[in-house]
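S.K.: quick one, structure for this:
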Amino acid sequence: MKRLAFALAATVALGAIACNKPDEDACKKAIVNMRKLMGTQGYATDLAPAIRRCRSGSSKDSVQCASNATSRADLERCGFAHGGETPAKTEGSGSAK
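M.R.: Coordinates of the predicted model:
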């Protein structure tokens, strides 16, 4: 009986966690907007890895916020996982001195 109660509680907890996960379309919209704001549109053409990271590591609220952001400052306030992407550099790497 204890095992059944534990299994039921675990299932309910996982269901509650999963309910706050964004869908693929929401993640794609947020990622495209994030890349535009960060100047990394050409960073990678395959969005699938970034969408997977978004769906597993972001909340619906942070994804919605990132989709609506109009500046980098807005994006940072969202707490949206950047997926390892960094803003475009304005300086060279320094290797061609």
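
S.K.: which strand or helix spans D25?
M.R.: For D25, the host element (DSSP states H and E) is helix 24-38.

S.K.: for the protein, which spans come out with low pLDDT?
M.R.: Applying pLDDT under 70 to the chain flags residues 1-18, 81-97.

S.K.: which residues in it form strands?
M.R.: Using DSSP state E, no strands are found in the chain.

S.K.: alpha carbons of the helix holding D25, in PDB - could you do that?
M.R.: Coordinates of each C-alpha in helix 24-38 appear next as PDB, following Å, rounded to 0.1, in the frame of the first residue of the first chain:
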ATOM      1  CA  GLU A  24       7.600  23.400 -29.200                       C
ATOM      2  CA  ASP A  25       6.100  26.300 -31.000                       C
ATOM      3  CA  ALA A  26       6.400  28.600 -28.000                       C
ATOM      4  CA  CYS A  27      10.100  27.700 -27.600                       C
ATOM      5  CA  LYS A  28      10.800  28.200 -31.300                       C
ATOM      6  CA  LYS A  29       9.200  31.700 -31.200                       C
ATOM      7  CA  ALA A  30      11.200  32.600 -28.100                       C
ATOM      8  CA  ILE A  31      14.500  31.300 -29.500                       C
ATOM      9  CA  VAL A  32      14.000  33.100 -32.800                       C
ATOM     10  CA  ASN A  33      13.300  36.400 -30.900                       C
ATOM     11  CA  MET A  34      16.300  35.800 -28.500                       C
ATOM     12  CA  ARG A  35      18.700  35.200 -31.500                       C
ATOM     13  CA  LYS A  36      17.400  38.400 -33.200                       C
ATOM     14  CA  LEU A  37      17.900  40.500 -30.000                       C
ATOM     15  CA  MET A  38      21.400  39.000 -29.400                       C
END
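
S.K.: which helices and strands sit right next to it?
M.R.: helix 48-57, helix 60-68, helix 72-78 (3 or more CB pairs under 8 Å, 6 or more residues apart in numbering; DSSP states H and E). C-beta here means a position set from N, CA and C on the backbone, and glycine is covered the same way.
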